[in-house]
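> Predicted model follows, preceded by the sequence.
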Amino acid sequence: MKFNRTQKFTKENIGDVPKDKAIVYKIKNASTENLYTGVASRGRVQERLMEHKILKNEIIPGGTRFQFAQVKNKSRAEQIEKRIIKEEHPRFNKQNK
């Protein structure tokens, strides 16, 4: 699984994320610590990321960067998300998801 480069968590960068496949994404702080890992379905990618951007101060404080990786379907994305949460223990995810 290869994630794209870490980029600023801005509306413009979110708008550039392809929406033709499901994604796994990580929201990170300025020192690139993984704060939250999530999944977005094909066709809902940008909308899902914007939900975090709009509410980030309440839900994911310090989330200033993000990464994503496209996968072939949501089921596969959820498997990867579960593995990342287990390995990296992001602060704002429920552990052992």
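That came through, no problem.

> how far does stretch 76-93 sit from the chain's center?
10 Å (Cα atoms, centre = their mean, to the nearest Å).

> Just say helix, strand or coil for I23.
strand (DSSP: H, G, I helix; E, B strand; the rest coil).

> Per-residue pLDDT of the closest residue to it other than its chain neighbours, please?
Spatially, and ignoring its direct neighbours in sequence, I23 is nearest to F68 (4.6 Å; Cβ to Cβ, 6 or more residues apart in numbering). Yep, even glycine has a C-beta here, placed from its N, CA and C like the rest. F68 carries a pLDDT score of 98 in this model.

> And for T6?
95.

> picking up where we left off before, what's the neighbour count on the residue nearest to I23?
20 (other Cβ atoms under 10 Å).

> And it, its phi and psi?
phi -150, psi 160 (degrees, to the nearest 10).

> Test my guess that it contacts A22.
No - counting by Cβ atoms under 8 Å, F68 does not reach A22; the two are 10.2 Å apart.

> Overlap of the contact sets of those two?
V45 (Cβ atoms under 8 Å, 6 or more residues apart in numbering).

> Right, I'll leave it there.
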